[in-house]
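Student: quick check, what structure comes out for this input:
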Amino acid sequence: MSQPVYVSFKMKAKEPWYQLSEDEKNAMMAQMNASMEAVGAESIVMCDCSWSSEPWQYFGVVKFPSLEALQKHRQDANGFDWPRYVDGHSIVGTEWQP
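Tutor: Model (predicted):
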């Protein structure tokens with residue numbers, strides 16, 4: 001049985017990101033958002049932590065309907081070269097109810 005998975009992530013832009021024009025950055029974000037929508041992902045929270053964290057600019061939590069949906073989204077992101085522009089760290093898990 002498929003169950004939702006949650007991704008907690010931290011991320012920061014790499015140097016190539018800053019070389020993109022605003023239109024190119026917007027297009028890349030549109031691709032990321034379209035992929036998330038296509039797989040049924042839900043952004044729980046996205047936070048700017050640049051003011052309080054030296055190594056990271058943003059963190060957040062995204063809920064995916066299944067592990068397969070997360071894998072498809074990562075495949076999409078790799079397809080438009082997202083890892084070239086953004087460095088990050090993710091933790092993936094399922095909901096725990098004690």
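Student: helix or strand for residue 71, which one?
Tutor: Using DSSP states H and E, residue 71 sits in helix 67-79.
Student: same thing with residue 87?
Tutor: Using DSSP H and E, residue 87 maps to strand 86-93.
Student: what helices or strands is that strand leaning on?
Tutor: strand 5-13 (3 or more Cβ pairs under 8 Å, 6 or more residues apart in numbering; DSSP states H and E). Glycine gets a C-beta too; all of them are placed from N, C-alpha and C.
Student: number of residues surrounding residue 55?
Tutor: Residue 55: 9 surrounding residues under other Cβ atoms under 10 Å.
Student: same deal with residue 5?
Tutor: Using other Cβ under 10 Å: residue 5 sits among 20 other residues.
Student: can you pull up the bridge partners for it?
Tutor: Beta-bridge partners for residue 5, by DSSP bridges, are residue 64.
Student: could you pull up the residues touching it?
Tutor: Residue 5 makes contact with 63, 64, 66, 67, 69, 70, 92, 93, 94 under the criterion Cβ atoms under 8 Å, 6 or more residues apart in numbering.
Student: adding neighbour count, pLDDT and distance to residue 11, write those residues out as a markdown table.
Tutor: Written out in a markdown table, the entries for the contacts of residue 5 read as follows (neighbours: other Cβ atoms under 10 Å; pLDDT from 0 to 100; distance: Cβ to Cβ, whole Å):
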| residue | neighbour count | pLDDT | distance to residue 11 |
| --- | --- | --- | --- |
| 63 | 16 | 98 | 17 |
| 64 | 22 | 98 | 17 |
| 66 | 15 | 97 | 23 |
| 67 | 14 | 96 | 21 |
| 69 | 19 | 98 | 19 |
| 70 | 21 | 97 | 16 |
| 92 | 13 | 98 | 15 |
| 93 | 9 | 97 | 18 |
| 94 | 9 | 97 | 22 |
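Student: what is the most widely separated pair among those residues?
Tutor: Farthest-apart pair in the contacts of residue 5 is 69 and 93; separation 14.8 Å (Cβ to Cβ).
Student: what residues sit buried inside the top helix by length along the chain?
Tutor: Counting by DSSP state H, the longest helix found in the chain is helix 22-39. Residues of helix 22-39 classed as buried: 28, 31, 32, 35, 36, 39 (neighbour count, 16 or more other Cβ atoms under 10 Å).
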